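> this one's sequence-less:
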């Protein structure tokens, strides 16, 4: 498998997923003349959609930068990548779960929905961890010595994410809103980790010139 | 990030969005033997779909021409582009809002639906404005001096669109049909702006040859 | 616009459309224990789906071969192509119309559904005709003299298709089944026309070697 | 048709299909406060989704490796490939059939759903068989003598799969769970066959290197 085709296939899945998220929007039930009220009541959906778009976008950026320093792809990376993409496609479902639960404001249902979102996010980070681990053990796939130090520097990022989503799950049982806060914070943290990683990558490319 | 992969990813999202718009079509409720009546009653959907396809198509052409003169992509352009694509995917939802409201012909609901469409369009133009602004401040991303004059010439296009959609919103509160007219006019104006921009680009490429 | 990116964008839309057609399948209403009866009652959907997949596939092959002999793309071809892709995405809707009407077997509704399918097909062929006409008048877009003769030989194919779909519409008002037969026949005819065109193209490429 | 564009189109369809499978997930009917119970009741859907993702992923890997040794594509391979992709898109439907039937646990309905899945899988393997057969008779499409021995070694893989899915169908009439077991086993067998084929391909590329 050539690196470029591997990337194109992954990019395709990211592009499709990030676009079909919008299909979760449906006309709300509303009384004639009160579409506005119906729409305003959909803020949970807009929120969940916005957050998830931001999350999937960040994951794509991660994926992009992360695999850009590989020299080649082997079968196992390909399989791990399919597992990672599987975990990411699952994100589509908790969007409507969270939106539905936030609309009813039932405490139990919100717990369920947030934990479902957390679990998918935890699964995603776990697959990243597997990929990181595999690449750590197969330095021959990396493009150059600079790449090795790059991969070492970010090695524990997914572990940290797994811990954060686990904490979010635990917190949700204690307080739904704290759990929600930790979930959002973890996703923002993802994004900050991406910015840091990207800075490192740019520096590396400048050195490598 | 290489320019080509950036473009392929964006093209992918445009292609997916413009194609899944058609999923908004659903069999109407109809009495057996009166499917024709049911279908003819769906003209608002066909109209909203046709207009939105035309709009997204125009946005794609804009995107295509606009980024064709870049020399490279940096992280911020990439993020701004993701924000722009986010705003564009949102267009999928107001299609069915507008269609539903036009079907019931309730004045309040039509106001709501048109304003929702206007807001998304305004958001889209705002993201274009951010991109234009950023490129204005980072001439190093542009490919050559000719490109600079190209970008200067079209600098205020998105501002003009933001104003037009704002006027459409205001007008909608006064008269629904005037608002609708301004919305359609703004989209057609987009297209004309594209034609002008494309002419400029072709001339530039001929000179650069 | 580069020819390759034009083709990739079009290929993307074809790939998406031909894949999302399957989303028209929904679990039928059935009594517990009688899913089989429910499924067997969905033969019209399977038929409409299979035919449409075959049709869109043929259109893709046409598109592929047709544009393979161009030297470059100009703005108008790009716009005409967007119009053509618009007409093709519309095909998604009549699939469920035809399936629904065939399921109820109501004569009026079947007429409506078949005519809707015919109209979309007629629109598609009309857009092909516009493209053919435009290329006829802009020989500078074609790659070589052999290409010119290729395009001349197939010039009237879309006209013939427009006539066939018009006849299918007329026939439907007289006899639903004759209309359905003509619709299917026209699509098969499309495919045969593709085979002929492809043969011509292969011969041309061998000469051009 | 160039090999690369043929692969990009096929990859596109695989990427779209494997991503839209997730659209089969819908919020379950649940009493307020019991979303968790509703979610846990959706294990059949998660199972059917996971299995199908795994299956489509495996088919993509197969497709990828299988066509990587071709030198060129002719029209018939293109048509057979469209037929193969048709059979694979059909997989989207039995996912919800199986999930629905497993949820109700009605024996007849489970039989129907499993057999529907088996039939699509059998159809998929049959189209692979046609492709294998065609390539066997057209050695000029293959890239080198090593490729010939590669294709010979795997010639009977699809036949074996056709037999396995046929057995799964027969078994389902005798015992639903044995039928389900054979279906899952056949898909896992697919994956193992892929691993073996990939090993052969890697060895071949090392020799050819």
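All right, it came through fine. Small disclaimer: the values here were computed from a predicted structure and weren't measured.
> got the residues of chain A near chain D?
A:1, A:5, A:8-9, A:12-13, A:16-17, A:20, A:23, A:75, A:78, A:82, A:85-86, A:89-90, A:92-93, A:96-97, A:100-101, A:104, A:106, A:108-109, A:111-113, A:116 (Cβ under 8 Å from any Cβ of the partner chain). Any C-beta I mention is one placed from the backbone N, CA and C, and that applies to glycine too.
> how far away is the closest residue to chain C within chain A from residue D:74?
Closest residue of chain A to chain C, Cβ to the nearest Cβ: residue A:16 (7.9 Å). Distance from residue A:16 to residue D:74, counting by Cβ to Cβ, to the nearest Å: 30 Å.
> okay, those two: which has more neighbours?
Taking other Cβ atoms under 10 Å in any protein chain shown, residue A:16 and residue D:74 do not tie; residue A:16 has more neighbours (26 against 16).
> Looks like the more buried one contacts residue D:16 (just checking).
Yes - counting by Cβ atoms under 8 Å, residue D:16 is a contact partner of residue A:16 at 5.6 Å.
> Excluding residues flanking it in the chain, which one is nearest residue A:9?
residue D:11 (5.4 Å; Cβ to Cβ, 6 or more residues apart in numbering or on different chains).
> The one you found: which element?
Here residue D:11, judged by DSSP states H and E, is contained in helix D:3-20.
> What is whichever helix or strand comes after that helix packed up against?
Sequence order places helix D:35-40 as the next helix or strand after helix D:3-20, per DSSP H and E. In terms of contacts (3 or more Cβ pairs under 8 Å, 6 or more residues apart in numbering or on different chains; DSSP states H and E), helix D:35-40 is packed against helix A:92-104, helix A:107-137.
> Which among the residues of chain A next to chain D count as buried?
Among the residues of chain A next to chain D, the ones that count as buried by 16 or more other Cβ atoms under 10 Å in any protein chain shown are A:1, A:5, A:8-9, A:12-13, A:16-17, A:20, A:23, A:75, A:78, A:82, A:85-86, A:89-90, A:92-93, A:96-97, A:100-101, A:106, A:108-109, A:111-113, A:116.
> List the residues that contact residue A:8.
B:8, D:8, D:11 (Cβ atoms under 8 Å, 6 or more residues apart in numbering or on different chains).
> okay, residue A:49: pLDDT?
As predicted, residue A:49 sits at a pLDDT of 95.
> My guess is it contacts residue A:23. True?
No - the criterion here is Cβ under 8 Å, and residue A:49 misses it with residue A:23 at 10.3 Å.
> Check the burial of residue A:3 by counting its neighbours.
Per other Cβ under 10 Å, the neighbour tally for residue A:3 reads 16.
> ok, back up a step: what is the orientation angle of the helix holding residue D:11 with helix A:92-104?
Angle, helix D:3-20 to helix A:92-104, by axes from the mean of the first three to the mean of the last three Cα atoms, to 10 degrees: 30 degrees.
> what about helix D:3-20, average pLDDT?
For helix D:3-20, mean pLDDT is 93.
> Can you tell me the closest non-neighbouring residue to residue A:187?
Residue A:187 sits nearest to residue A:55 (Cβ to Cβ, 6+ apart), 4.9 Å away.
> Please apply the same query to residue A:82.
Leaving aside its sequence neighbours, residue A:82 sits nearest to residue D:57 (Cβ to Cβ, 6+ apart; 4.7 Å).
> quick one: what helix or strand has that neighbour in it?
Secondary structure (DSSP H and E) places residue D:57 in helix D:43-67.
> quick one, that helix and helix D:92-104 angle?
Using the same axes, to 10 degrees: helix D:43-67 against helix D:92-104 is 150 degrees.
> Which strands or helices does helix D:43-67 pack on?
Using 3+ Cβ pairs under 8 Å, 6+ apart: helix D:43-67 touches helix A:75-89, helix D:3-20, helix D:75-89, helix D:92-104, helix D:107-137, helix D:176-208.
> As JSON lines, those with distance to residue D:152 would be great.
Shown next, in JSON lines, are the helices and strands packed on helix D:43-67 (distance: least, Cβ to Cβ, whole Å):
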{"stretch": "helix A:75-89", "distance to residue D:152": "22"}
{"stretch": "helix D:3-20", "distance to residue D:152": "21"}
{"stretch": "helix D:75-89", "distance to residue D:152": "18"}
{"stretch": "helix D:92-104", "distance to residue D:152": "33"}
{"stretch": "helix D:107-137", "distance to residue D:152": "8"}
{"stretch": "helix D:176-208", "distance to residue D:152": "11"}
